[in-house]
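Peer 1: return atomic coordinates for the entry below.
(4 chains)
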Protein chains: 2
Amino acid sequence: MNTLTRRQREFLQREQLFLDAARQILRSDGVAAFTIDRIAGNTEYAKGTVYKHFTCKEDILCALCHESLVHLGEAFSKALTFPGNSRERMMALGTAYLQFTTRFPEEFDILIAVRTNNVRQKASEKRVEAMIAADQGAHDVMRSVIGAAIAAGDLTLPTTTSLDEACFGLWAMAFGLLALAPANDVIDSLELPSIPIIMVNQMNLLLDGYGWRPLSTEFDYQQTFARLLKHMETLQ
Amino acid sequence: MNTLTRRQREFLQREQLFLDAARQILRSDGVAAFTIDRIAGNTEYAKGTVYKHFTCKEDILCALCHESLVHLGEAFSKALTFPGNSRERMMALGTAYLQFTTRFPEEFDILIAVRTNNVRQKASEKRVEAMIAADQGAHDVMRSVIGAAIAAGDLTLPTTTSLDEACFGLWAMAFGLLALAPANDVIDSLELPSIPIIMVNQMNLLLDGYGWRPLSTEFDYQQTFARLLKHMETLQ
DNA sequence: ACCTGAACACCGTTCAAGT
DNA sequence: ACCTGAACACCGTTCAAGT
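Peer 2: This next block holds a predicted model:
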């Protein structure tokens, strides 16, 4: 089954060591403290050795994002243990995303930064592709929920809208809300409720736009959200 | 009227010089070439002089974003010369945003990067606040369109949704689509139409969710979009 | 009072030398 | 064959010296 040599296994193990160290530095001391020196120091390897694994710093960022996206995909899958109708299950994904970004703000920060052309151009093609694949993995979970809704008859997409497009639209809305949220938190000139409430409200409106039944006018999704938060705690 | 001394005016003029140089470097050579050295060199000032204006590099980024957001706000205002119903005018804003990001991808890149906590913490409070104010300026244009729609009876927001929240939701959707778009362009595994088409479709669905009349089922917004693109050309 | 640019600190990246 | 870390290049930031 295991076709890798010991050498190869050890190499992969060390790579994981570097990535774990990198993530830990990021979480505890932020992006500013995120240097190759620290990664090497914390793992007791030389700087040069880090470059045996990654072509450049941006490559490490992409590798971290790859893992973060895998984690997010797993969180999505876990969130689907929540019992409910198809639309409540979509809300479960939104809640998992919200929770991920609030629990790991630094990781969400690099998920944002990695959208930049600058980062994507510097990183190796290999890493960027792996990252995109992990992104797809999380998308797939979302796609399955949309597919189930269609199968259950809760959702009928307009003929002009493919399942992939609906998935992308929902993802973009969630990403946009979460990426713009912190900045708007600060502004008191705006009459805005807390981010979770905005998220629920806006998701409801968008899903109403899709005609995803039961509509928000026919069902109490605020209560679903409250139940979701409780359910998520039990998962952790 | 002019309460500034010559000194102060010259100082502001030089600041503008630096910002113009910075923007030009960004547009022509990208984020990677964006260094204090080049800004100083291109303007024939010393590096130290740049620091008389900006506390750090991130401060310059925020100043650039400030300007970009002002430009975007102006583009929004111009877009409102488009004649049409209230919802078509909201589409005009979306089209202006789309056009801005495609015309100036590097500037949109820093608008994304500036969302990161890292940048906001390093930049001076003054710049960040000015940037947020410019953001509000663009929001205000959008708010006026939503307000007009309500006044015209085309839109009735749910009691749970404030005008500010609706504005934020629309903004987030547009930002999310445009920020995530380039990455998804690459993937052929997804069945996605071009970004403009996605944008129109998703905006239609969201606005349908708001119940903004005429609904996309009652009106040909594809045709509106085509007309919008032509109208925008005449503005330039 | 203001500008300068040499000097400094830091960090990403490389590669000759060592094991 | 692989790891090391000194050395290099680059760049953001500061500040003593100059005008």
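Peer 1: what helix or strand does A:L155 sit in?
Peer 2: Per DSSP states H and E: A:L155 is located in neither a helix nor a strand.
Peer 1: same question, A:I132
Peer 2: helix A:125-152.
Peer 1: that helix - what's its average pLDDT?
Peer 2: For helix A:125-152, mean pLDDT rounds to 97.
Peer 1: is any part of it close to DNA strand C?
Peer 2: No - for a cut-off given as CB under 7 Å from any atom of the strand, helix A:125-152 has no contacts with DNA strand C; the smallest distance is 12.6 Å. No exception for glycine: its C-beta is placed from N, CA and C like everyone else's.
Peer 1: quick one: distance of that helix to the chain centre.
Peer 2: Offset of helix A:125-152 from its chain centre (CA atoms, centre = their mean, to the nearest Å): 11 Å.
Peer 1: likewise stretch A:51-66?
Peer 2: 18 Å.
Peer 1: give me the residues contacting that stretch.
Peer 2: A:11, A:14-15, A:18-19, A:22-23, A:26, A:36, A:39, A:50, A:107, A:110-111, A:113-114, A:118-120, A:122-124, A:127-128, A:130-131, A:134 (CB atoms under 8 Å, 6 or more residues apart in numbering or on different chains).
Peer 1: give me the phi and psi for A:K52.
Peer 2: The phi/psi pair for A:K52 (degrees, to the nearest 10) reads phi -70, psi -20.
Peer 1: what packs against the helix holding A:I132?
Peer 2: helix A:57-79, helix A:86-103, helix A:163-186, helix B:163-186 (3 or more CB pairs under 8 Å, 6 or more residues apart in numbering or on different chains; DSSP states H and E).
Peer 1: list the buried residues of the shortest one.
Peer 2: The neighbour-count check on helix A:86-103 (16 or more other CB atoms under 10 Å in any protein chain shown) flags A:86-101 as buried.
Peer 1: mean confidence for that helix?
Peer 2: 98.
Peer 1: tell me what angle that helix forms with helix A:163-186.
Peer 2: 40 degrees (axes from the mean of the first three to the mean of the last three CA atoms, to 10 degrees).
Peer 1: quick one: is helix A:86-103 near chain B?
Peer 2: No - using CB under 8 Å from any CB of the partner chain, helix A:86-103 stays clear of chain B, with a minimum separation of 11.7 Å.
Peer 1: helix or strand next in line after that helix, which one?
Peer 2: Counting by DSSP H and E, what follows helix A:86-103 is helix A:105-113.
Peer 1: domain parsing for chain A?
Peer 2: A:1-53, A:70-235 (automatic domain parsing).
Peer 1: so the last one, near DNA strand D or not?
Peer 2: No - among the residues of domain A:70-235, none lie within reach of DNA strand D under CB under 7 Å from any atom of the strand; the closest is 12.2 Å away.
Peer 1: how much space between the closest residue to A:A32 other than its chain neighbours and DNA strand D?
Peer 2: Nearest non-adjacent residue to A:A32, counting by CB to CB, 6 or more residues apart in numbering or on different chains: B:N118, 6.2 Å away. B:N118 sits 12 Å away from DNA strand D, taking CB to the nearest atom of the strand, to the nearest Å as the criterion.
Peer 1: quick one: the one helix or strand B:N118 maps to to chain centroid distance?
Peer 2: Using DSSP H and E, B:N118 falls within helix B:117-122. A distance of 20 Å separates the centroid of the chain from that of helix B:117-122, by CA atoms, centre = their mean.
Peer 1: of the helices and strands packed on helix A:125-152, which is nearest A:V141?
Peer 2: Of all the helices and strands packed on helix A:125-152, helix A:57-79 sits nearest to A:V141, with 4.1 Å by CB to CB.
Peer 1: which element is the residue in chain A that DNA strand D sits nearest to on?
Peer 2: Scanning chain A for the residue nearest DNA strand D gives A:G48, at 1.9 Å (criterion: CB to the nearest atom of the strand). Using DSSP H and E, A:G48 falls within helix A:47-50.
Peer 1: flag the helix or strand of chain A with the lowest per-element mean pLDDT.
Peer 2: Counting by mean pLDDT, DSSP states H and E, chain A has its least confident helix or strand at helix A:163-186, which shows a mean of 89.
Peer 1: quick one: it to helix B:125-151, angle?
Peer 2: 120 degrees.
Peer 1: so which elements touch helix A:163-186?
Peer 2: Under the contact rule (3+ CB pairs under 8 Å, 6+ apart), helix A:163-186 is packed against helix A:86-103, helix A:105-113, helix A:125-152, helix A:195-210, helix B:125-151, helix B:163-186, helix B:195-210.
Peer 1: what about 6 Å?
Peer 2: In this structure, helix A:163-186 packs against helix A:86-103, helix A:125-152, helix A:195-210, helix B:163-186, with contacts taken as 3 or more CB pairs under 6 Å, 6 or more residues apart in numbering or on different chains; DSSP states H and E.
Peer 1: what comes up buried for it?
Peer 2: Buried residues in helix A:163-186 (16+ other CB under 10 Å): A:163-184.
Peer 1: what does stretch A:217-234 give?
Peer 2: A:Y221, A:T224, A:F225, A:R227, A:L228, A:H231, A:M232.
Peer 1: what of stretch A:99-118?
Peer 2: A:99-101, A:104, A:106-118.
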